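[1] Need coordinates for the following:
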Amino acid sequence: MIDINLIRENKELVKENIKKKFQDNKLDIVDQIEKLDIKYRQTKSSADELRSEKNKISASIGEFVRNKEFDKVNDAKKRVNELNTQITNLGVEEERLASEIKSKMMIIPNIIDESVPIGKDDSENVENERYGEAVIPNFEIPYHADILNRLNGLDKESAGRTSGEGFYYLLGDVARLHSAMLAYARDFMISKGFTYCVPPFMIHASVVEGVMSFPEMEAMMYKIENEDLYLIGTSEHSMIGRFLNQIVDEKQLPIALTSYSPCFRKEGGAHGLEEKGVYRVHQFEKQEMIVLCKPEDSFTWYEKMWKATVELFRTLDIPVRTLECCSGDLADLKVKSCDVEAWSPRQQKYFEVGSCSTLGDAQARRLSIRTKGENGTYYVHTLNNTVLATPRALIAFVENNYNEDGTVNIPEALRPYMGGVDKLIPAKKD
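    Numbers count the residues shown, from 1 in each chain. You can find the predicted model right below:
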């Protein structure tokens, strides 16, 4: 949510930003907010004037009583009662206007950074840089589900019976590899100075609405029936929510946290679920990072965060690239975002394995997360980034470490988490 002062003082900037995001249907909403805000301030001013009059009259009643001017006492009390009614009515109108303004403000997109490329959708995202050689081997790389099956590591058929499409069992060495990657990602981020956390996996609607837009929530989140609780789609949701309605001591900033959680997503719409493999599923696990910082430090942290993910994947012998998200691909709360994509030697193209975003003070404004320093109280900036999400990272791992004989190499960095094993051996062949 942007600061309403931007609409009051620079409405055209807000409109131009909406055009850059190709959301022209929201242009009229800016004018609606402006009119509602004028009415809100007039209503508030009228109520303040009436309160001032009431206080003066109330103060005079005592003097009237002392002077035994009882007619004036009665008139004053009558006027106070009239003012109380008017103030109450204006208060109701204030609340109604404030609520309507807030609901409209919630759908106005955040002001994107000047460096964000302008484009309608993800097809116009811009490649930044590649890290590691994207090798195309001289032998065929099987589909990732086939690799996992040969390792006796994947059972989607049973998961279909217990849970339906979009779920899976991981078994044996594959399950161990999955957990090893997450444990390694955790320790990797701890070594970078981040504090490790395990957050709640369910959150209230008020937190959901604070960390993401309503359309995103409807498309992603599972709601617990008859409860004010949602299953998290990423631990960023509960990690940022931890600071709801808090004033953080400025001396504590920056707050850099890395968190583990399972994640639950509907994955509906055009993308759909993946029948055979585990690329797009309802449930996965992730190591995340979030930062709360001063506004002037947010872009420094943005660079640090995506670079940490790149470094992590390179230690696992996975080539990656970074992709700058264009204006039309940015979620409404984001100021700037880039995707980290891993190389798929089977498909001979890159695919998304993580995303890094700075949201300015949008989440902090929605959740009332502030800090207090020498120059007063102000909203913090929030950032989030995927360290490693599996099974997508697992797919990238087995494809890039796959050998022609069906074995899968374990890079040196991961071996301590795999009991010293340096190679996975297939249990069966086609």
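[2] can you give me the strands for the stretch 251-400 of the chain?
    Under the criterion DSSP state E, counting those that start in this stretch, the stretch 251-400 of the chain contains strands at 255-264, 283-293, 320-324, 336-344, 349-358, 370-373, 376-379, 381-390.
[3] Out of those strands, which is the most enclosed?
    Burial of the strands of the stretch 251-400 of the chain is given as mean neighbour count (mean count of other C-beta atoms under 10 Å); strand 381-390 ranks first at a mean of 26. Placement of C-beta: from N, CA and C, glycine included.
[4] Strand partners (parallel or antiparallel) of that strand?
    strand 283-293 (antiparallel), strand 349-358 (antiparallel) (DSSP bridges).
[5] Now do the same contact list for Tyr40.
    Contact analysis of Tyr40 by C-beta atoms under 8 Å, 6 or more residues apart in numbering lists 94, 97-98, 101.
[6] at 10 Å instead, please
    Residues near Tyr40 by C-beta atoms under 10 Å, 6 or more residues apart in numbering: 4, 33, 93-98, 100-101.
[7] Quick check: the farthest pair among those residues?
    For those, the maximum inter-member distance is 17.8 Å, found between Ile4 and Glu93 (C-beta to C-beta).
[8] Just put the strands of the stretch 251-400 of the chain in CSV and tack on distance to Leu151 and mean pLDDT.
    Shown next, in CSV, are those (distance: least, C-beta to C-beta, whole Å; pLDDT from 0 to 100):
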stretch, distance to Leu151, mean pLDDT
strand 255-264, 22, 97
strand 283-293, 19, 97
strand 320-324, 24, 98
strand 336-344, 18, 98
strand 349-358, 20, 96
strand 370-373, 49, 94
strand 376-379, 49, 95
strand 381-390, 15, 97
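[9] Can you redo these as TSV, where the extra columns are distance to Tyr230?
    What follows is the strands of the stretch 251-400 of the chain, written out as TSV (distance: least, C-beta to C-beta, whole Å):
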stretch	distance to Tyr230
strand 255-264	9
strand 283-293	15
strand 320-324	29
strand 336-344	23
strand 349-358	20
strand 370-373	25
strand 376-379	24
strand 381-390	17
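[10] who wins for most neighbours among the contacts of Tyr40?
    Ile33 (23 neighbours; other C-beta atoms under 10 Å).
[11] ok, and for the helix or strand hosting that residue, which residues are buried?
    Per DSSP states H and E, Ile33 falls inside helix 27-66. Within helix 27-66, the residues that qualify as buried are 29-30, 33-34, 36-37, 40, 43-44, 47, 50, 54, 57, 61, 64, counting by 16 or more other C-beta atoms under 10 Å.
[12] quick one: which of these is nearest Tyr378?
    Nearest member of the buried residues of helix 27-66 to Tyr378, counting by C-beta to C-beta, is Asp37, at 21.2 Å.
[13] Spit out the contact partners of that closest one.
    Shown in contact with Asp37 (C-beta under 10 Å, 6+ apart): 4-5, 7-8, 97-98, 101, 104-105.
[14] Now do the same for it: its pLDDT.
    At Asp37, the model reports a pLDDT of 97.
[15] Same check on Gly160?
    93.
[16] Let me see the contact set for the residue nearest to it when sequence neighbours are not counted.
    Of all residues not flanking Gly160 in the chain, Phe167 sits nearest, at 7.3 Å (C-beta to C-beta, 6 or more residues apart in numbering). Phe167 is in contact with 156, 158-161, 273, 278, 281-283, counting by C-beta under 10 Å, 6+ apart.
[17] can you tell me which two in the contacts of Asp37 are farthest apart?
    Asn5 and Leu97 (16.9 Å).
[18] can you state the direction angle for the helix or strand where Asn89 lies and helix 27-66?
    Using DSSP H and E, the element containing Asn89 is helix 70-105. Counting by axes from the mean of the first three to the mean of the last three C-alpha atoms, to 10 degrees, helix 70-105 lies at 160 degrees to helix 27-66.
[19] and helix 70-105, what other elements does it pack with?
    With contacts taken as 3 or more C-beta pairs under 10 Å, 6 or more residues apart in numbering; DSSP states H and E, helix 70-105 sits against helix 4-9, helix 27-66, helix 362-367.
[20] so where's the stretch 201-350 of the chain uncertain?
    214, 268-275 (pLDDT under 70).
[21] Can you show me the helices along it?
    For the stretch 201-350 of the chain, the helices defined by DSSP state H, counting those that start in this stretch occupy 205-211, 214-220, 235-241, 298-315.
[22] so of those helices, which one's packed in deepest?
    helix 235-241 (a mean of 26).
[23] distance between that helix and the chain's centre?
    Between the centre of helix 235-241 and the centre of its chain there are 8 Å (C-alpha atoms, centre = their mean, to the nearest Å).
[24] C-alpha coordinates for that helix, PDB please?
    The C-alpha coordinates for helix 235-241 follow below in PDB (Å, rounded to 0.1, in the frame of the first residue of the first chain):
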ATOM      1  CA  SER A 235       7.400 -18.600   5.200                       C
ATOM      2  CA  GLU A 236       7.800 -15.000   4.200                       C
ATOM      3  CA  HIS A 237       4.200 -14.600   5.200                       C
ATOM      4  CA  SER A 238       4.500 -15.600   8.800                       C
ATOM      5  CA  MET A 239       8.100 -14.200   9.100                       C
ATOM      6  CA  ILE A 240       7.000 -10.700   8.100                       C
ATOM      7  CA  GLY A 241       3.800 -11.100  10.100                       C
END
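[25] quick one on the thing from earlier: now do the residue nearest to Gly160, the pLDDT please.
    Note on Phe167: pLDDT of 94.
[26] which SSE is it in?
    If you go by DSSP H and E, Phe167 is not part of any helix or strand.
[27] now do the one 10 residues further on
    Per DSSP H and E: Leu177 is located in helix 172-191.
[28] rewinding a little: could you list the buried residues of the following helix or strand past the helix holding Asn89?
    Later in the chain than helix 70-105, the nearest helix or strand by DSSP H and E is strand 126-131. Within strand 126-131, the residues that count as buried by 16+ other C-beta under 10 Å are Tyr131.
[29] tell me the angle strand 126-131 makes with strand 349-358.
    110 degrees.
[30] What is strand 126-131 packed up against?
    With contacts defined as 3+ C-beta pairs under 10 Å, 6+ apart, the packing partners of strand 126-131 are helix 298-315, strand 320-324, strand 336-344.
[31] Could you dump those into TSV and include distance to Tyr196?
    Formatted as TSV, the helices and strands packed on strand 126-131 follow (distance: least, C-beta to C-beta, whole Å):
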stretch	distance to Tyr196
helix 298-315	14
strand 320-324	24
strand 336-344	21
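[32] out of those, nearest to Ala76?
    helix 298-315 (55.4 Å).
[33] now the closest one against strand 381-390, angle please.
    10 degrees.
[34] before we move on, the earlier item: out of the helices and strands packed on helix 70-105, which gets nearest to Asn138?
    Distance to Asn138, taken as C-beta to C-beta, is lowest for helix 362-367 among those, at 48.0 Å.
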